[in-house]
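A.B. asks: A structural model of the following input is requested.
(one chain, ligands or ions: 2)
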Amino acid sequence: MTSGSDSPADVEFPRVDLPDLEARVAAEERQRDLTKPARSLGRLEELGCWVAACQGEVPPHPFRRPRVVVFAGDHGVARNGVSAYPPEVTAQMVANLSAGGAAVNVLAAAAGAGVRVVDMAVEGDTSPEVSEFKIRHSSGSIDREDALTHDETVRAIEAGRALADREVDEGADLLVAGDMGIGNTTPATVLIAILTSTEPVAAVGRGTGVDDAGWMRKVTAIRDAMWRARPHVRNPVALLRTAGGADFAAMAGFLAQAAVRRTPVILDGVVVTAAAMVAEELAPGAARWWVSGHRSAEPAHTIALRHLRLEPIVDLGMRLGEGSGAVTALPVLQGAVAILAQMATFSEAGVSTRDESAPANAD
Ligand SMILES: O=C(O)c1ccc[n+]([C@@H]2O[C@H](COP(=O)([O-])O)[C@@H](O)[C@H]2O)c1
Ligand SMILES: Cc1cc2nc[nH]c2cc1C
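C.D. replies: Ligands and ions are numbered 1, 2, ... in the order given. Next up, the predicted model:
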């Protein structure tokens, strides 16, 4: 049933540190000193404190180089009619993303973030600029065969890790993983359903907008893939090999390594969050370096977020992928940072605090 040993020694991440607790406490203190009623900025306050803890600085500094890496890959299972679009769209969209014409390019530019596209397993050939890390032409059809060999899985995880290192070494101080791949909500749903012991029908969504007949084919493919992958539930490398793909393995390596490099991440939708669940298994504690950018319309995404104990920043009914939901949330995170850095304190502004102006206690 399995090929290769999937030995954990093949893929080892160092221990992941927690974000800086002292900086978090100092940021919480500073929130109380700013000219606003206590906790009146709601989640924005918590987000600012999280960035301060990740940076180890109070106040936190504005993100200098936020970066999106879009992981593209095809999936054999897309040939089963589980998507509303044909597989050739993946390569076409890689070209569109490289040319700057996709939604994530526009949203990232608006938020001041740069975008890199990488072909991990697109079926056709793509340009040399995006195919440096390419593992193969399409991952296997997970309903009846493994997505990858063991060796391919390890190389894809290492590629994701190398990409995170490259981005951080080039100055990235906030990372987003995005995805592009017709059919990829099928493996995403399989990974999430296996790791959360969820029935396929409770997790399956419409992806790009598949019709009722396609939805039923998708449920069948997911059930078959879960049957094949379930024995590997406790082995993240084997899970990526049987039910993921080169794009998922690379995203998992990227998200785990971002945490190792103490770099905050905004997660995107169901595909990235499925990879994140596996990354948390590869590098326990990595999730402390991630926030969820948005809630995707896919039911499996909500199941994954609950499992990771993440609350999305925005909920706009988006279901695009590419990192688009994450970059939509980026200006909110930037606002949270600016609040801690730029708001006046009560003493600076000469504004009375609640304690000073409250009427004397009656008893
Ligand atoms: O990120 C999400 O939550 C999401 C939800 C639905 C669809 N997508 C995108 O749509 C494609 C996968 O949808 P499908 O129907 O082909 O499995 C892929 O390119 C994803 O980036 C992404
Ligand atoms: C056009 C198109 C763009 C996408 N971007 C992410 N997934 C996508 C799927 C399709 C079909």
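
A.B. asks: before we move on, what SS does whichever residue of the stretch 251-363 of the chain sits closest to ligand 2 have?
C.D. replies: Residue nearest to ligand 2 within the stretch 251-363 of the chain (C-beta to the nearest ligand atom): Gly321, separated by 4.2 Å. Any C-beta I mention is one placed from the backbone N, CA and C, and that applies to glycine too. Assigned with DSSP: H, G, I helix; E, B strand; the rest coil, Gly321 falls in the coil class.

A.B. asks: Verify the contact between it and Asp268 for me.
C.D. replies: Yes. Using C-beta atoms under 8 Å, Gly321 makes contact with Asp268 at a distance of 6.7 Å.

A.B. asks: Between the two, which has more neighbouring residues?
C.D. replies: Neighbours of Gly321 and Asp268, each counted by other C-beta atoms under 10 Å, are more numerous for Asp268; the result is 34 against 27.

A.B. asks: just checking, the more buried one touches Ala177?
C.D. replies: Yes. Using C-beta under 8 Å, Asp268 makes contact with Ala177 at a distance of 6.6 Å.

A.B. asks: Which neighbours do those two have in common?
C.D. replies: Taking C-beta atoms under 8 Å, 6 or more residues apart in numbering as the contact rule, Asp268 and Ala177 both touch 323, 326.

A.B. asks: name the element Leu175 belongs to?
C.D. replies: Following DSSP states H and E, one finds Leu175 within strand 174-180.

A.B. asks: quick check, that strand touching ligand 1?
C.D. replies: Yes. With C-beta under 6 Å from any ligand atom as the measure, strand 174-180 is seen reaching ligand 1 through 179-180.

A.B. asks: any idea which helix or strand comes after that strand?
C.D. replies: As assigned by DSSP H and E, the chain's next helix or strand after strand 174-180 is helix 185-195.

A.B. asks: beta partners of the residue most central in space within the chain?
C.D. replies: By C-alpha atoms, centre = their mean, the mean C-alpha position of the chain lies nearest to Leu267, the distance being 3.0 Å. Beta-bridge pairing for Leu267 (DSSP bridges): Ser292.

A.B. asks: list the contacts for it?
C.D. replies: Residues in contact with Leu267, defined by C-beta under 8 Å, 6+ apart, are 177, 255, 273, 276, 290-293, 310, 326.

A.B. asks: picking up where we left off before, ok, for the residue of the stretch 251-363 of the chain closest to ligand 2, nearest residue in space, not its chain neighbours?
C.D. replies: Closest residue to Gly321 apart from its sequence neighbours, by C-beta to C-beta, 6 or more residues apart in numbering: Asp179 at 4.9 Å.
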